[in-house]
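*Asks:* Quick one, what's the 3D model for this:
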Amino acid sequence: MRHRSSGVSLISKESLKQRLDKDKIIDGDHWLWAGACDKDSTGYGVIRIDGKKFGVHRISAFAYLGLDLNDHDQHALHKPECHNRLCFNPEHLYIGTNADNRQDRADIIRASSHYPCGHPRTIENSIKSDPPRCLVCHNKRCNDFYHKRTTTTRVIKTREEIIEEEYFRLKEEDENR
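*Replies:* Predicted coordinates:
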């Protein structure tokens, strides 16, 4: 499969660092992006270069860590201790693969006392999977699906039932007059 060149490699890393510094807010050891964010609700900062949209953390990894933007197997990943999607501090990033990212997420869930949803992570409240999943949320999703499926079934009245209802409605109106 052929991938189009990103074109970013033609821009100097120093000019990219200056663009990143323009919208940088320093919060402790985090470099938070104050510019545009992705509209698809991922929460990552984005920057346009030559009309193409890039994640700010990817551009930071390119400028500071040497990420190859044309290698689609390489990704700029947040280290487990950061995971702030607006942070683009190169000390909080590393170059890795999707498998590395999945492993990081699984390790975080295994090490925590609560699931990301907020429910406690106990043996009774866990579905055995890798990583373990919240049983309360799983049951809610199943119930919502079942409820949605059963309530969308329309009950169709027979012709006789409609005539009978109309008869009793008209009879009640006559009695009330």
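*Asks:* For this protein, name the helix or strand with the lowest mean pLDDT.
*Replies:* Lowest by mean pLDDT, DSSP states H and E among the helices and strands of the chain is helix 135-151, with a mean of 74.
*Asks:* The helix or strand that it is followed by: which residues count as buried?
*Replies:* Going down the chain from helix 135-151, the next helix or strand is helix 159-176, by DSSP states H and E. Of the residues in helix 159-176, none count as buried by neighbour count, 16 or more other C-beta atoms under 10 Å. Bear in mind the C-beta positions are built from the backbone N, C-alpha and C, glycine included.
*Asks:* do the same with stretch 135-145
*Replies:* Neighbour-count burial for stretch 135-145, counted by 16+ other C-beta under 10 Å, picks out 135, 137.
*Asks:* what's that stretch in contact with?
*Replies:* 115, 117, 119, 124-127 (C-beta atoms under 8 Å, 6 or more residues apart in numbering).
*Asks:* how about 10 Å then?
*Replies:* For stretch 135-145, the surrounding residues in contact (C-beta atoms under 10 Å, 6 or more residues apart in numbering) are 115-120, 122-127, 129, 134.
*Asks:* Take the residues you listed and keep only those in strands.
*Replies:* The strands, defined by DSSP state E, take in 126-127, 134 from the contacts of stretch 135-145.
*Asks:* so which of those residues comes closest to K79?
*Replies:* Closest approach between the ones in strands among the contacts of stretch 135-145 and K79, by C-beta to C-beta: C134, at 24.8 Å.
*Asks:* ok, back up a step: can you redo the ones in strands among the contacts of stretch 135-145 as TSV with neighbour count and pLDDT?
*Replies:* Below are those laid out as TSV (neighbours: other C-beta atoms under 10 Å; pLDDT from 0 to 100):
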residue	neighbour count	pLDDT
S126	18	82
I127	11	81
C134	21	85
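*Asks:* ok, and the closest non-adjacent residue to P90?
*Replies:* Y64 (3.6 Å; C-beta to C-beta, 6 or more residues apart in numbering).
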